[in-house]
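> coords please:
(chains A and B)
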There are 2 protein chains.
Amino acid sequence: MTSIEYMREAIALSENGMKKGCGGPFGAIIVKNEQVIGRGENQVTSCNDPTAHAEIVAIRAACQQINSFSLKGAVIYSSCEPCPMCLAALYWARIDKIYYAANRDDAAKIKFDDSWIYKEVSKPIFERELPMEELLRSEAQLVFDEWLMKQDKIHY
Amino acid sequence: MTSIEYMREAIALSENGMKKGCGGPFGAIIVKNEQVIGRGENQVTSCNDPTAHAEIVAIRAACQQINSFSLKGAVIYSSCEPCPMCLAALYWARIDKIYYAANRDDAAKIKFDDSWIYKEVSKPIFERELPMEELLRSEAQLVFDEWLMKQDKIHY
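Sure, this is the predicted structure:
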């Protein structure tokens, strides 16, 4: 299949998910070695899970499929530019490339907050609308020191 | 319980999760109306899920507990400053406030990529290390138009 055909499948998922009442109009598929290894549609409202964006659902499905926390060597086709949550998740998953169709401004026009959250995440902590407060830093650092010393750790 | 005591519980989760081999040294709890409604420790490597950071695990648990995709009125105590994935997830979850202990620089010192991913997410698309390419935007926009017209949609 071509990139165009994979993207059409992601867009079809976005439409079908919306029509079935899963959540917002977003779909994504993950492809590795010319095989679709994960699919996702937005399931926020149907599953009561604000993290269940199409890309996150697809990442989880793909990782279960290949029994790995790494998607190195895979690419994602998403019907919309990933929000900061999904973009960062794709970095953590070590995906090779992101194809997207609609963008954050298109999402803003149908009242999704992607663009606003991009601005917030990029701000220094004390300029954000969501309040943040540091507490007990030194106690958490002690656990980080233990991690450094841990002999059998699996890094990611 | 006080904020200090809740944070100690989050830090204890970070240490216990690490010692059990769940994943990295991170823990979080979510509190609403003086009740702990969700707990999470990092489970990336044990569950093969790169999205299973402590905060995401805690958000999912809390939302299942209260049967809602909104955590409005709740606060989170995280043993580390949330990475961009978790921060954006907390925005989507509409949480009221974030308490954190260690920060992104502390995480970088023990070889976690939070700080690097913050920089990447804040960049314009074409300056990022992870390649992104737009495809079929107009076809995805048609589905967004359908969403606008949908009568029974649940927004979030």
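> so residue A:98 sits in a helix?
No: the assignment for residue A:98, made by DSSP: H, G, I helix; E, B strand; the rest coil, is strand rather than a helix.
> What pLDDT does the model give it?
We note a pLDDT of 98 for residue A:98 in this prediction.
> likewise the one 10 residues further on?
For residue A:108, the model assigns a pLDDT of 94.
> what's near enough to touch it?
By Cβ atoms under 8 Å, 6 or more residues apart in numbering or on different chains, the contact set of residue A:108 is A:114-116. All C-beta spots, glycine's among them, are computed from the backbone N, C-alpha and C.
> Tell me which stretches of chain A form helices.
Applying DSSP state H to chain A gives helices spanning A:3-20, A:44-47, A:54-66, A:84-92, A:104-109, A:114-122, A:137-149.
> hmm, back to that, out of the contacts of residue A:108, who's nearest residue B:52?
Of all the contacts of residue A:108, residue A:114 has the smallest distance to residue B:52: 22.5 Å, by Cβ to Cβ.
> Verify the stated contact: the closest one with residue A:104.
Yes: if you go by Cβ atoms under 8 Å, residue A:114 and residue A:104 touch, sitting 4.4 Å apart.
> Centroid-nearest residue for chain A?
In chain A, the residue lying closest to the centroid (Cα atoms, centre = their mean) is residue A:86, at 2.3 Å.
> count of residues packed around residue A:55?
Per other Cβ atoms under 10 Å in any protein chain shown, the neighbour tally for residue A:55 reads 33.
> Disregarding flanking residues, what is the spatial nearest neighbour of it?
residue A:86 (3.8 Å; Cβ to Cβ, 6 or more residues apart in numbering or on different chains).
> tell me the phi and psi of the closest residue to residue A:23 other than its chain neighbours?
Using Cβ to Cβ, 6+ apart and skipping residues adjacent in sequence, the residue nearest residue A:23 is residue A:42, 3.7 Å away. Torsion angles at residue A:42 (phi, psi; degrees, to the nearest 10) stand at phi -60, psi 130.
> Reformat the helices of chain A as CSV; add distance to residue B:6.
Formatted as CSV, the helices of chain A follow (distance: least, Cβ to Cβ, whole Å):
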stretch, distance to residue B:6
helix A:3-20, 36
helix A:44-47, 27
helix A:54-66, 27
helix A:84-92, 24
helix A:104-109, 34
helix A:114-122, 24
helix A:137-149, 13
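> Perfect, that will be all.
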